[in-house]
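>>> no sequence for this one, just the structure:
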């Protein structure tokens, strides 16, 4: 119980730190529009900016998309604001009038779920990891308060914390009519509620934040758990991956940079712990050799190192 309490305290502290990173001067929004690319027949993706969530970008920093089957549509993540969610909905309706049967959330972070309310009241089932309802209940109010300060009332007033009604434990197959999506729930890695989505027809994997490219990986779950699932994740029968952040890439070679970063982070932290170094030294120095390889390194590496230190010191 003591370890669980310390981990919860650490998670809250990291969330506060995350919000601090996002706390930028607020000016008038630029009204970005969601640009959609058809990667393969019936599979559409918006590649988000590699940036922090701000009022200017309306939180549109995550990769989101949708898949169209013969009978229905499934959405994979909805973006960082209801405005972005509505733009995604409009993009869907510009291409098909088929019912949106599922909204799948790959995990519970704001840049992936704050657009959910745009899809309420349409007979749509919300789908997520079995741990996602608890994660949203525990953190949702904090997320709303923190991002209201960052993004302003106009973008946050419409946001609703929408828990999934269809929970995934292990794997689940969703039929869109002649097109099957395979959902896989993962142990704690990037977060404690990570879900991947494989479109069997095009062999495209929506990995959520289990995969980062260019954007430094962000750890909110377990560095050891993330490394443990790497081999199983690489075995997903895909040819391309839509990461949570960064460009669409070939699979599984897209995992190489992330694996190297996490291995370096864990090894550096273990070395520092063995030397008796304090957590502040880990925050300043762990994985420093990776700085030139990642965007937003200075925004996230310190919190990654702090979380890894708090986890690994229990070994």
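The structure has been received and is ready for your questions. Values in this document were obtained by computation on a predicted structure and should not be read as measured data. Residues are numbered from 1 along each chain as shown.
>>> just the helices in the stretch 51-200 of the chain please.
82-93, 110-113, 132-151, 153-156 (DSSP state H, counting those that start in this stretch).
>>> Other residues contacting the last one?
Residues external to helix 153-156 that are found in contact with it (Cβ atoms under 8 Å, 6 or more residues apart in numbering): 29, 55, 58, 59, 81, 82, 83, 144, 147, 148. From N, CA and C alone the C-beta is placed, and that goes for glycine too.
>>> Could you give me the PyMOL syntax to select whichever of those are buried?
Buried subset of those, written as a PyMOL selection, criterion 16 or more other Cβ atoms under 10 Å:
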select buried, resi 29+55+58+59+81+82+83+144+147
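>>> nearest spatial neighbour of the residue sitting nearest the centre point of the chain, skipping sequence neighbours?
Centroid-nearest residue in the chain, with Cα atoms, centre = their mean: residue 209, separated by 3.8 Å. Counting by Cβ to Cβ, 6 or more residues apart in numbering, residue 209 lies nearest to residue 244, which is 3.5 Å off, once chain neighbours are set aside.
>>> what secondary structure does that neighbour sit in?
Recorded secondary structure, residue 244: strand (DSSP: H, G, I helix; E, B strand; the rest coil).
>>> how many other residues sit next to it?
If you count neighbours by other Cβ atoms under 10 Å, residue 244 ends up with 29.
>>> correct me, but it touches residue 63?
Yes: with contact defined as Cβ atoms under 8 Å, residue 244 and residue 63 form a contacting pair (6.1 Å).
>>> The residue nearest to the centre of the chain sits in which helix or strand?
strand 204-212 (DSSP states H and E).
>>> Show me the contact partners of that strand.
Strand 204-212 is contacted from outside by 39-40, 43, 65, 76-77, 104, 106-107, 109, 112, 186, 189-191, 194-199, 217-218, 226, 229, 233, 236, 238-246, 251, 254-255, 258, using Cβ under 8 Å, 6+ apart.
>>> check contacts around residue 188.
So residue 188 contacts 194, 221, 222, 225 (Cβ under 8 Å, 6+ apart).
>>> got a winner among those for most neighbours?
Neighbour counts for the contacts of residue 188 (other Cβ under 10 Å) peak at residue 194, which has 29 neighbours.
>>> And that one, what's its pLDDT?
Residue-level confidence at residue 194 comes out at 98, pLDDT.
>>> Based on its surroundings, how many neighbours for the closest residue to it other than its chain neighbours?
Spatial nearest neighbour of residue 194, excluding adjacent residues (Cβ to Cβ, 6+ apart): residue 186 at 4.5 Å. Using other Cβ under 10 Å, residue 186 has 26 other residues around it.
>>> Return the residues in contact with residue 186.
Contacts of residue 186 by Cβ under 8 Å, 6+ apart are 129, 194, 195, 196, 210, 229, 233.
>>> want to try JSON lines for these, with distance to residue 135 as columns?
Listed next are these as JSON lines, based on distance: Cβ to Cβ, whole Å:
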{"residue": "129", "distance to residue 135": "8"}
{"residue": "194", "distance to residue 135": "10"}
{"residue": "195", "distance to residue 135": "12"}
{"residue": "196", "distance to residue 135": "17"}
{"residue": "210", "distance to residue 135": "15"}
{"residue": "229", "distance to residue 135": "18"}
{"residue": "233", "distance to residue 135": "20"}
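>>> between those, which is nearest residue 311?
Nearest to residue 311 among the contacts of residue 186 is residue 229, at 15.1 Å by Cβ to Cβ.
>>> And the closest one, how close does it get to residue 100?
Separation of residue 229 from residue 100 (Cβ to Cβ, to the nearest Å): 30 Å.
>>> The two - which one has more neighbours?
residue 100 (20 against 17).
>>> phi, psi of the residue nearest to residue 194?
Residue 186 adopts backbone torsions of phi -110, psi 150, taken as degrees, to the nearest 10.
>>> Please report how far it lies from residue 197.
Separation of residue 186 from residue 197 (Cβ to Cβ) stands at 12 Å.
>>> can you give me the strands in the protein?
Assigned strands in the chain, in chain order: 37-40, 43-46, 64-68, 73-76, 100-104, 125-129, 166-168, 171-175, 180-185, 195-199, 204-212, 240-245, 249-250 (criterion: DSSP state E).
>>> Show me what the first one is in contact with.
So that's strand 37-40. Residues from elsewhere that reach strand 37-40 (Cβ under 8 Å, 6+ apart): 44, 45, 46, 47, 201, 202, 204, 240, 242, 248.
>>> Most widely separated two among those residues?
Pairwise distances across those peak at 20.6 Å for 47 and 201 (criterion: Cβ to Cβ).
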